[in-house]
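Undergrad: Got a sequence here, can you build the structure:
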Amino acid sequence: MEKSINSTTLRFLLLGCLWLFTTSGYAQVQQYLLYFADKDTAQFLVSQPEEYLSQRAIERRQQQNISVDISDFPVNPNYLQEAAAQGGEVIYTSKWFNAALVEASVDIIEQLVSSEYVLSAEIVKPKGRNNRQGGSSSGGASYGKSKKGKKYERAEQLLNQEQNQMLGIDEMHLRGYNGEGVFVAVFDGGFRGVDESAFFEHLYSNDQLKLTYDFVGNSPNVYRYGQHGTEALSCIAAYQPGVLEAGAYAADVMLCITEESGSEYRIEEYNWLFAAEKADSAGVDIISTSLGYTTFDDAEMSYTYSDLDGQTAAITRAARMATAKGILCVVSAGNEGGGRWRYVSPPADAPDILAVGAVGAGGFRASFSSFGPTADGRVKPDVSALGLQTVVVNAQSNITRSNGTSFSAPLISGFAAGVWQAFPQATNLEIMDRIRSAGSQAMTPDNELGYGIPNFEVLADQIPLSTRKPTAVSRYKVFPNPIESGNLFVESADFVGEPLDVYVYNSTGQLLLTQHVPVSNDDSFTVDTSSWQRGVYVLHVLSATASDTVKVIKF
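TA: Numbering: from 1, shown residues only. Presented below is the predicted three-dimensional model:
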């Protein structure tokens, strides 16, 4: 196989005599993504995932019937040692891309590319690593202690009531769904003030903030740089009772900085990749990101509309890998609707992610909200939410309003966390389908609002009351299973003695039928499967106090 440094890197090689060397005569270091030829399939085995995956990551795969494969194997440690021995500084690794971010001079990269274990190298940043410019640290080395900050007086209605009502989050909260038990990661450019705000105090006092990391500064301190991430986070998890209650204020949270300031290079896409792999390992359910990439300071790194095919941009490929691992990715569609670019920005072009557009209070597309279709003709965005005059909390703990799909996307992330709490047995793809199907124009999606504005009340009749708790092991047995035709017989191993509501969903999460079963002596009943097609189905049996789930296969 022919190996090479990509065209962008070659251009920098040609410029070597002009700027790759300093006046003292040594080569400036650059940042490259080094792609390796293979993985160590002797040391790592599919049958032993506990050797290289966290328990939470394993459990997510098992719950969604996702197989562990070679993409889960770590990068070969021998290759990393060789790269370091030849003078490269290994900063991060990517098991999904089988690559490493290496800082080195061009001559070192040339040596590495000539090695048998390296396929190619891609320049991702033309200058060496820095620790960001602008902003200030929140001080000290303690990254998990809230300083509370000011509180507001209780209002007659929530200050974010309008955006909550648009999505039916008020009804979602009334039914007891607030994101509890769901793990949400937020990737952004800085979370200044989060550790000093009363709106986020509960994240610390309730141990909901599970992990923080700055992939730009290589530090756990995320409370610095800008406040964009703070405002996005407030749309998901901010909470002061009677004042402002975001959609998923009870969710667990992970905060990551992936966006650099002062420059725009592809390194930011790969920072996102490294963060996504860390989120996978931590057991995250939802990644919320208000970032998108189209043009860079180096024009050769920039994308064109034809690249919006769901498989070209690095961040798009990273988002697709996250989806393949069972994570729900919610991303901003972009704010280029009134500009020259116009279309959604990667990773919003990825299939099987939720790209979110922005609307105003009247439900019409905000003029800045990017639209579709993708280059291969798919509808984008997927759904929309309030992105014009969205209520947010800033770094000074002030309640203010901001514009952008940067805020409509996290609103949907909080909404999605509540939906997933309501359907804990669902896969990430099923949750996506539920949210799309709950959209205001689900039957007639377009490239301005996608499937429209989803609303929790559309799903309400399909969801058990919050007092119904899922049982660890289903109390019901079904037979025959698999079934070819006729009636499916369902009987209880433990007598329930309560009226039952039965719901049947197909593999995409579509509700096929509901059935009420009055109290009987043995809790047994039958379900007619004559109209079912071949495939996998989920049977939910709900009593007043519990929820049981059984999978059924039809030949």
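
Undergrad: just the helices in the stretch 151-300 of the chain please.
TA: Using DSSP state H, counting those that start in this stretch, the helices of the stretch 151-300 of the chain run over 161-167, 169-174, 201-205, 228-237, 267-282.

Undergrad: Export the shortest one to PDB, keeping only CA atoms.
TA: The C-alpha atoms that make up helix 201-205 are tabulated as PDB, following Å, rounded to 0.1, in the frame of the first residue of the first chain:
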ATOM      1  CA  GLU A 201     -24.900  24.400  42.300                       C
ATOM      2  CA  HIS A 202     -27.000  21.200  42.200                       C
ATOM      3  CA  LEU A 203     -24.600  19.600  39.800                       C
ATOM      4  CA  TYR A 204     -22.000  19.600  42.600                       C
ATOM      5  CA  SER A 205     -24.100  19.100  45.700                       C
END
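
Undergrad: May I see the buried residues of it?
TA: For helix 201-205, burial by neighbour count (16 or more other C-beta atoms under 10 Å) applies to E201, H202, L203, Y204. Where C-beta positions appear, they are placed from N, C-alpha and C, glycine not excepted.

Undergrad: Against E180, how distant is the nearest residue to the second one once chain neighbours are set aside?
TA: Across the structure, with C-beta to C-beta, 6 or more residues apart in numbering as the measure, the residue nearest H202 apart from its sequence neighbours is Y239 (5.3 Å). Spatial separation of Y239 from E180 under the definition C-beta to C-beta, to the nearest Å is 12 Å.

Undergrad: Quickly list what's touching both of these two.
TA: Common neighbours of Y239 and E180 (criterion: C-beta atoms under 8 Å, 6 or more residues apart in numbering): none identified.

Undergrad: Name the residue in the two with the higher neighbour count.
TA: Each of Y239 and E180 has its neighbours counted (other C-beta atoms under 10 Å); Y239 has more, 22 against 17.

Undergrad: how many neighbours does the closest residue to V102 other than its chain neighbours have?
TA: Nearest residue to V102 in three dimensions, chain neighbours excluded: G88, at 4.2 Å (C-beta to C-beta, 6+ apart). By the criterion of other C-beta under 10 Å, G88 has 24 neighbours.

Undergrad: these two touch, right, G88 and L112?
TA: Yes: G88 is in contact with L112 according to C-beta atoms under 8 Å; the separation is 6.3 Å.

Undergrad: What backbone torsions are found at S197?
TA: Backbone torsions of S197, given as degrees, to the nearest 10, read phi -110, psi 140.

Undergrad: Which residue ranges make up the domains of this structure?
TA: 4-39+74-125, 161-462, 469-554 (automatic domain parsing).

Undergrad: picking up where we left off before, got a list of what the residue nearest to H202 touches?
TA: By C-beta under 8 Å, 6+ apart, the neighbours of Y239 are F199, F200, H202, E245, A246, Y249.

Undergrad: could you dump the domains of the chain to TSV with mean pLDDT and distance to L53?
TA: Shown next, in TSV, are the domains of the chain (pLDDT from 0 to 100; distance: least, C-beta to C-beta, whole Å):
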stretch	mean pLDDT	distance to L53
domain 4-39+74-125	79	10
domain 161-462	95	7
domain 469-554	77	23
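
Undergrad: so which of the ones you listed comes closest to S67?
TA: domain 161-462 (10.1 Å; C-beta to C-beta).

Undergrad: Report the distance from the closest one to the chain centre.
TA: Put simply, domain 161-462 sits 7 Å off its chain's centre (C-alpha atoms, centre = their mean, to the nearest Å).

Undergrad: and it, how far apart are its ends?
TA: Domain 161-462 has an end-to-end distance of 24 Å (criterion: C-alpha to C-alpha, to the nearest Å).

Undergrad: from what I can see G190 touches A232, true?
TA: No: the pair G190 and A232 does not pass the contact test of C-beta under 8 Å, sitting 10.4 Å apart.

Undergrad: who's more crowded, those two?
TA: Comparing G190 with A232 by neighbour count (other C-beta under 10 Å), the higher total belongs to A232, at 30 against 25.

Undergrad: Any idea how many residues pack against E491?
TA: 14.

Undergrad: residue contacts, it?
TA: Going by C-beta under 8 Å, 6+ apart, E491 touches Y476, K477, D522, D523, S524.

Undergrad: what number of residues lie near P241?
TA: Neighbours around P241, by other C-beta under 10 Å: 10.

Undergrad: picking that back up, can you say which of the contacts of E491 are buried?
TA: Buried among those by 16+ other C-beta under 10 Å: Y476, D523.

Undergrad: Could you export the contacts of E491 as JSON lines, including distance to Y92 and secondary structure?
TA: Formatted as JSON lines, those follow (distance: C-beta to C-beta, whole Å; DSSP: H, G, I helix; E, B strand; the rest coil):
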{"residue": "Y476", "distance to Y92": "47", "secondary structure": "strand"}
{"residue": "K477", "distance to Y92": "48", "secondary structure": "strand"}
{"residue": "D522", "distance to Y92": "58", "secondary structure": "coil"}
{"residue": "D523", "distance to Y92": "54", "secondary structure": "coil"}
{"residue": "S524", "distance to Y92": "56", "secondary structure": "coil"}
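
Undergrad: Can you lay out the contacts of E491 as CSV showing distance to Y293?
TA: Shown next, in CSV, are these (distance: C-beta to C-beta, whole Å):
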residue, distance to Y293
Y476, 48
K477, 51
D522, 60
D523, 55
S524, 56
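
Undergrad: G363: which of the contacts of E491 is nearest?
TA: Closest approach to G363 among the contacts of E491 (C-beta to C-beta): Y476, at 42.1 Å.

Undergrad: Is L34 in a helix, a strand, or coil?
TA: Assigned state for L34: strand (three-state reduction, DSSP: H, G, I helix; E, B strand; the rest coil).

Undergrad: Next: the one 5 residues further on.
TA: Of the three states, K39 takes coil under three-state DSSP.

Undergrad: what's the distance between it and F274?
TA: Remark: distance between K39 and F274 (C-beta to C-beta) = 18 Å.

Undergrad: who has more neighbours, the two?
TA: When K39 and F274 are compared for neighbours, F274 comes out ahead with 21 against 18, by other C-beta under 10 Å.

Undergrad: so the more buried one touches V216, yeah?
TA: No: if you go by C-beta under 8 Å, F274 and V216 don't touch, sitting 10.4 Å apart.

Undergrad: E50 should be in a helix, yeah?
TA: Yes: assessed by three-state DSSP, E50 belongs to a helix.

Undergrad: residues near it, how many?
TA: 8.
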